[in-house]
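*Asks:* sequence and predicted model, in that order:
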Amino acid sequence: MTSTPIRWGVIGTGNIARRFAGDLAHSSSGVLAAVGSRDGTRAFAFTAAFGSGIHADETAKILARPDIDAIYVGTVNRAHHEIAIAALEAGKPVLVEKPLAPTPAEAKAIGDLAERRGLLAMEAMWMVFTPGIVRLKALIADGAIGSPRSLSANLSYARAYRPELELFDAETGGALLDLGVYPIALALHLFGSADETAPIVERNHAGSVRQAALVTRHGQVLTKLSCGFETEGPNGAMVSGEHGRIALAGPFFCPPALMLKRHLAGTPLDPRGDGPAGEDLPLDEPPADSPLRPGTLPTPIVGSGLQYQADHFAACLRAGSTQSPVHPLSASLAAIEIMERARRSAPAL
């Protein structure tokens, strides 16, 4: 594939589809070319905000267009599998909004078909491509905190239960699939597959997951991950290692800054028993007018940050890859399997 812009077809007209379409304006590799929906009139209304020359039609007609290079699926969870399969059958590489599918069986079916067709398929776990998470992984790999030992991550937003919304569906919605996928994906991205998982999950009277907490073990790394619709959480994260820690300012999926604290070599234990003394290291000195205190590394994003995954997807396409080396489908399936086991561990109230 040449370096000409990737022509994206966006399927869906909800908030996440609008964010992706808007962030393509910041992409270095792709442009919005078409929008598809079950209702073609909704697709036409959607394109009005993004300029002229954008095709709009029913989903099947957009998938059949020969001038579309890749499909982004930004629909409700229950439709991910059906549309991703249809896109692959139409010969289109596909980027599917998280979670890749609500169940392991559906996620595996997407991966199997992509492999048979020799097409690129990737979950749109945009978090792992944002500047803060890219820098976090590099710092850990460079030994900034020594060997990592723990991760804590929380993502909670207060959302009143509304039974008519897909967000609260007992099988294809709920806090785990909507929010829990982020801390779980972060743990898998940083530390690989989980050797053990221990969930505690609460459902509401209708069976929808309202909050959850998980402990996972990845070799020597122990994680504490939580999510929920009950309260507004701190929504930050922290990775601790033998020689220090890195805190991610909230929201951790696109942190505006990282804070590193590293223990001073050869420093004796604090006499109060609080552990070794340390220092906040000025990774990059912020500008004089920055609200960030010295000792922080600003990691700002452009737009809302969804274009970074689109540019990575385009690079994979141009390289002829059928799997992302950063976020392969195996990682997506592993996260869905963890969430599935957690969801099945708690009966409805």
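*Replies:* Perfect, I can see it now.

*Asks:* where along the protein do the helices fall?
*Replies:* 15-23, 40-47, 59-63, 80-89, 104-117, 131-141, 175, 181-191, 307-319, 329-344 (DSSP state H).

*Asks:* what helices and strands are in contact with the last one?
*Replies:* This means helix 329-344. Applying 3 or more CB pairs under 8 Å, 6 or more residues apart in numbering; DSSP states H and E, one finds that helix 329-344 contacts helix 104-117, strand 121-124, helix 181-191, strand 196-203, strand 209-218. Glycine gets a C-beta too; all of them are placed from N, C-alpha and C.

*Asks:* domain parsing of the protein, as residue ranges.
*Replies:* Per automatic domain parsing, the domain ranges recorded for the chain read 6-125, 128-304+338-344.

*Asks:* of the ones you listed, which shows the lowest average pLDDT?
*Replies:* Looking at the domains of the chain, the lowest mean pLDDT belongs to domain 128-304+338-344 (a mean of 87).

*Asks:* neighbours of the closest residue to H189 other than its chain neighbours, how many?
*Replies:* Closest residue in space to H189, ignoring its immediate chain neighbours: V128 at 5.0 Å, by CB to CB, 6 or more residues apart in numbering. Around V128 there are 24 other residues, counting by other CB atoms under 10 Å.

*Asks:* which one, of the helices of the chain, ends up nearest to K98?
*Replies:* Closest to K98 of these is helix 181-191 (CB to CB; 5.4 Å).

*Asks:* tell me the angle of that closest one relative to strand 196-203?
*Replies:* Interaxial angle of helix 181-191 relative to strand 196-203 (axes from the mean of the first three to the mean of the last three CA atoms, to 10 degrees): 170 degrees.

*Asks:* same for helix 181-191, what does it pack against?
*Replies:* Under the contact criterion of 3+ CB pairs under 8 Å, 6+ apart, helix 181-191 touches helix 131-141, strand 148-156, strand 209-218, strand 221-228, strand 237-241, helix 329-344.

*Asks:* dump these to TSV, plus distance to W8 and mean neighbour count.
*Replies:* Listed next are these as TSV, based on distance: least, CB to CB, whole Å; neighbours: other CB atoms under 10 Å:
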stretch	distance to W8	mean neighbour count
helix 131-141	22	18
strand 148-156	27	20
strand 209-218	32	21
strand 221-228	29	22
strand 237-241	30	23
helix 329-344	20	21
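
*Asks:* circling back to that earlier point, can you add distance to R65 and give the helices and strands packed on helix 329-344 back as CSV?
*Replies:* Converted to CSV, the helices and strands packed on helix 329-344 look like this (distance: least, CB to CB, whole Å):
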stretch, distance to R65
helix 104-117, 18
strand 121-124, 19
helix 181-191, 31
strand 196-203, 42
strand 209-218, 38
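
*Asks:* got the phi/psi numbers for the nearest residue to A170 once chain neighbours are set aside?
*Replies:* Excluding its sequence neighbours, the residue lying closest to A170 (CB to CB, 6+ apart) is G207, at 3.5 Å. The phi/psi pair for G207 (degrees, to the nearest 10) reads phi 90, psi 0.

*Asks:* where's G207 relative to E232, distance?
*Replies:* Using CB to CB, to the nearest Å, we find G207 at a distance of 24 Å from E232.

*Asks:* which residues does G12 contact?
*Replies:* G36, S37, V73, G74, T75, E97 (CB atoms under 8 Å, 6 or more residues apart in numbering).

*Asks:* hang on, the second one packs against T59?
*Replies:* Yes. Applying CB atoms under 8 Å as the test, S37 and T59 come out as touching, 6.3 Å apart.

*Asks:* G173: how many residues sit nearby?
*Replies:* By the criterion of other CB under 10 Å, G173 has 19 neighbours.

*Asks:* one more: P255?
*Replies:* Counted with other CB under 10 Å, P255 comes out at 28.

*Asks:* surely it meets V239?
*Replies:* No. Counting by CB under 8 Å, P255 stays clear of V239, with 11.5 Å between them.

*Asks:* just to revisit the earlier point, G22 is nearest to which of the helices and strands packed on helix 329-344?
*Replies:* Per CB to CB, nearest to G22 of these: strand 121-124, 14.5 Å.

*Asks:* counting contacts, what elements does that closest one pack onto?
*Replies:* Using 3+ CB pairs under 8 Å, 6+ apart, strand 121-124 sits against strand 94-97, helix 104-117, helix 307-319, helix 329-344.

*Asks:* just to revisit the earlier point, export the helices of the chain to CSV and tack on distance to G250?
*Replies:* Formatted as CSV, those follow (distance: least, CB to CB, whole Å):
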stretch, distance to G250
helix 15-23, 19
helix 40-47, 30
helix 59-63, 35
helix 80-89, 27
helix 104-117, 28
helix 131-141, 11
helix 175, 17
helix 181-191, 12
helix 307-319, 19
helix 329-344, 21
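
*Asks:* what's the most buried one of those helices?
*Replies:* helix 175 (a mean of 29; mean count of other CB atoms under 10 Å).

*Asks:* so what sits opposite T223 in the bridge?
*Replies:* Note on T223: beta-bridge partners L151, T216, judged by DSSP bridges.

*Asks:* tell me the contacts of it?
*Replies:* S150, L151, S152, A153, P183, A187, F191, L214, V215, T216, R217.

*Asks:* and the nearest residue to G233 once chain neighbours are set aside, bridged to which residues?
*Replies:* Closest residue to G233 apart from its sequence neighbours, by CB to CB, 6+ apart: S156 at 3.1 Å. When bridges are called by DSSP bridges, S156 pairs up with G228.

*Asks:* thanks a lot, catch you later.
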